[in-house]
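J.: sequence plus predicted model, see below.
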Amino acid sequence: PFYNKATQEVTAPGSTFKLVTTLEFMRENADFDSYSYNCTGSIESGDVTIHCYGGHVHGQVTLRDSLAYSCNTSFSNIGTKLDMDALNKLCEDFLYNKELPYDGYYYKSSYSLTSKTDKSLIPQTVIGQGKTLITPLHNAMIMCTIANGGVLMKPYMMDRIENCDGSVVKKFSKSSYGRIISAKEAQTLTDLMRSVTDYGTASDYFSGADYTVAGKTGTAEFNENKDSHSWFIGFSNINNPDLVVCVLVENASNTGTSATSIARKIFDAYYD
């Protein structure tokens, strides 16, 4: 009962990690807007074969489409062209393998790929599988960094402590950890994530919402039977962000519960 899954449950980030892969690709390719790839539903890299979720064939896709449709083959193709040491450095900038600026008890997230790692691990790793692990808290912090224009904020649990007569004993306030990415990079990622909710994997869930959402869905396989967890990370009111939400539904492939559907209910409750 004292196990806090938000801060202690480490699992594969699934396709939510594609935001990090996207950012590294943007940094290495100034002409990233001209990226184009023909998705046939699967891609081979050495003796590794990557399939798009559900056997989907996405056809010709841009970088925006790749993120919107969460195209595994396109991102695996992107990954084989990246500087793995630079991607590792970006992950560490986002505090993978490091302590988080959080006072509570938590487990650290982990990322291990470098230029010296077996290249057969690249296609799985860049789509959020492999040995990469993250907690919901940390994934929310990464999304919060994007929502805050590239600045990571220190998470805290309580707004204030009151005594029995309602007087405030202690007030907690927001504080910044520091800039992680540039404001321009954060804005570009936000713009790309808007496509996820406009016409991509989350569009059905956010249809008709009277607020805007930028986000990313994720499916994280956790065994050889391809059973999976469901992720959603995102924020609302993208021009002046209000709320960051991170949802992880364990064993979603067997329960049929979608993290995105839960996120929609949370946003709706906030704006109601």
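T.: Cool, got the structure.
J.: what is the worst-scoring helix or strand of the chain on mean pLDDT packed up against?
T.: Scoring the helices and strands of the chain by mean pLDDT, DSSP states H and E places helix 252-255 at the bottom, with a mean of 81. Applying 3 or more Cβ pairs under 8 Å, 6 or more residues apart in numbering; DSSP states H and E, we find helix 252-255 packed against strand 228-236. In short, each C-beta sits where N, CA and C put it, glycine included.
J.: quick check: mean pLDDT of the strand it packs on?
T.: Averaged over strand 228-236, pLDDT sits at 96.
J.: coming back round to it: now the following helix or strand past the least confident helix or strand of the chain: buried residues?
T.: Next along the chain after helix 252-255, taking DSSP states H and E as the criterion, comes helix 259-271. Buried positions in helix 259-271, judged by neighbour count with 16 or more other Cβ atoms under 10 Å: Ala259, Thr260, Ile262, Ala263, Arg264, Phe267.
J.: re the thing from before, may I see the buried residues of the least confident helix or strand of the chain?
T.: Buried, per 16+ other Cβ under 10 Å, within helix 252-255: Ala252, Ser253.
J.: sorry, back to before: which two among the buried residues of helix 259-271 are spaced furthest apart?
T.: Ala259 and Phe267 (12.7 Å; Cβ to Cβ).
J.: look up the closest residue to Gly104, ignoring the ones flanking it.
T.: Thr7 (6.0 Å; Cβ to Cβ, 6 or more residues apart in numbering).
J.: surely that neighbour touches Asn139?
T.: No - applying Cβ atoms under 8 Å as the test, Thr7 and Asn139 come out as separate, 11.3 Å apart.
J.: CA atoms of stretch 195-209 as PDB?
T.: Provided in PDB are the C-alpha atoms of stretch 195-209 (Å, rounded to 0.1, in the frame of the first residue of the first chain):
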ATOM      1  CA  SER A 195      -1.000  16.800 -34.900                       C
ATOM      2  CA  VAL A 196      -1.400  13.800 -32.600                       C
ATOM      3  CA  THR A 197      -4.600  15.200 -31.200                       C
ATOM      4  CA  ASP A 198      -5.800  16.900 -34.500                       C
ATOM      5  CA  TYR A 199      -5.600  13.900 -36.800                       C
ATOM      6  CA  GLY A 200      -3.300  11.300 -35.200                       C
ATOM      7  CA  THR A 201      -3.600   8.500 -32.700                       C
ATOM      8  CA  ALA A 202      -5.400  10.700 -30.100                       C
ATOM      9  CA  SER A 203      -7.700  12.600 -32.400                       C
ATOM     10  CA  ASP A 204     -10.800  10.400 -31.800                       C
ATOM     11  CA  TYR A 205     -10.500  10.900 -28.100                       C
ATOM     12  CA  PHE A 206     -10.200  14.700 -28.200                       C
ATOM     13  CA  SER A 207     -12.700  15.400 -30.900                       C
ATOM     14  CA  GLY A 208     -15.100  18.100 -29.900                       C
ATOM     15  CA  ALA A 209     -13.100  19.300 -27.000                       C
END
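J.: show me the contacts for the residue nearest to Gly104.
T.: Tyr102, Gly104, Tyr105, Tyr106, Tyr107, Thr135, Pro136, Leu137 (Cβ atoms under 8 Å, 6 or more residues apart in numbering).
J.: please apply the same query to Thr260.
T.: Thr201, Ala202, Tyr205, Gly215, Thr217, Ser230, Phe232, Val247.
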